[in-house]
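1. Sharing a sequence plus its predicted fold:
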Amino acid sequence: MPTTEHEITVAAPADDVYRLIADVENWPQVFGPTVHVEYVERGARSERIRIWATANGTAKTWTSRRDLDPGGLRVDFRQEVSQPPVGGMGGAWVIEERSEKDSRVRLLHDFHPASDDPADLAWIERAVDHNSRAELAALKDHAEGAASLLSFDDTVEIDGSARDVYDFVNQAQLWRDRLPHVARVSLDEQTPGLQVLEMDTRTKDGSTHTTRSVRVCQPHDRIVYKQIQVPALMSLHTGQWLFTEHPAGGVTATSRHTVRINEGNIAQVLGADAGLDDARRFVRDALGTNSRATLGHAKAYAEGR
């Protein structure tokens, strides 16, 4: 099999870096290509996880088995069932302690294509190289404390069914006609439950900005998403739509956001006198306004049914 190796030096203790790699539930906030991760099985030293991620701009999902060695600072992984054009893939994260405050991280891959077409092998090589470099750079930023995250929820109580509320959010192809802040929308769902959503959203001043998201839809409990094209003021935006139906009737619907501010663009977007706190307030208000509007229309839709 072809093999690759990528590495980076991180100004953080090796144990801290290992924990970031071992804790897959936080990967969407650490690694750019990762949209969502769930445990399928979990033991003390081995586990199976399902990953939803992007590769060369397309959305993919697969299940991997991982073997964890906290003493050796190593995590081995192997895809159980790969998605074409990948026929099989595995590798390892290897963390080496350089000093008490510095580490070397190596990311190893081996792989083979699903066919004999040279284009498939070239596609995999591009995806592995791009994602490995992006993941190592993101790991370095996060481990060195450069990542400052903002998280918040907006919640509404709805006198309706979780199915109807879920359907409203899931059927985003209808949002241009249902939501006044959406100017254009395009929804692609080639794999059931795995959507690529692109839309133009209106801001308070009447201008629009384009976002592109990958969404993992799990009827009728939640929709998890990650923006792969974000506005200038953000370098990361992940979110969840959560629908909790109560035994006595009614639904609690929550919009949850996690954002990393792009500090280099604050002055360009908000003016020379603006700072990080101003950017946080601006993003909280902008995202919260749109989320509450969507939840309000979902409430009217569900209660009307």
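-> Yep, it's here. Numbers count the residues shown, from 1 in each chain.
2. Can you tell me which helices and strands the host helix or strand of residue 80 packs against?
-> Following DSSP states H and E, the helix or strand that holds residue 80 is strand 74-81. The elements that strand 74-81 packs onto, with contact taken as 3 or more CB pairs under 8 Å, 6 or more residues apart in numbering; DSSP states H and E, are helix 14-22, strand 58-69, strand 86-97. Bear in mind the C-beta positions are built from the backbone N, C-alpha and C, glycine included.
3. can you tell me which of the ones you listed comes nearest to residue 279?
-> Distances from residue 279 to each of the helices and strands packed on strand 74-81 were compared using CB to CB; the minimum, 25.0 Å, belongs to helix 14-22.
4. What residues sit buried inside the closest one?
-> Buried residues in helix 14-22, counting neighbours by 16 or more other CB atoms under 10 Å, are found at 14, 17-18, 20-21.
5. Show me what secondary structure element comes after that helix.
-> Using DSSP H and E, the helix or strand that follows helix 14-22 in sequence is helix 27-30.
6. In that following helix, which residues are buried?
-> By neighbour count, with 16+ other CB under 10 Å as the criterion, the buried positions of helix 27-30 are 27-30.
7. Count the residues that sit near residue 148.
-> Here the number of neighbours of residue 148 (other CB atoms under 10 Å) works out to 11.
8. again, but for residue 63
-> The local packing of residue 63 (other CB under 10 Å) involves 15 other residues.
9. Can I get the helices and strands packed on strand 74-81 in JSON lines including mean pLDDT?
-> Listed next are these as JSON lines, based on pLDDT from 0 to 100:
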{"stretch": "helix 14-22", "mean pLDDT": "96"}
{"stretch": "strand 58-69", "mean pLDDT": "94"}
{"stretch": "strand 86-97", "mean pLDDT": "96"}
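10. And the ones you listed: which comes nearest residue 261?
-> Using CB to CB as the criterion, the shortest distance between residue 261 and the helices and strands packed on strand 74-81 is 20.3 Å, found for helix 14-22.
11. And the residue nearest the centre of this structure?
-> By CA atoms, centre = their mean, the chain has its centre lying nearest to residue 35, at 2.8 Å.
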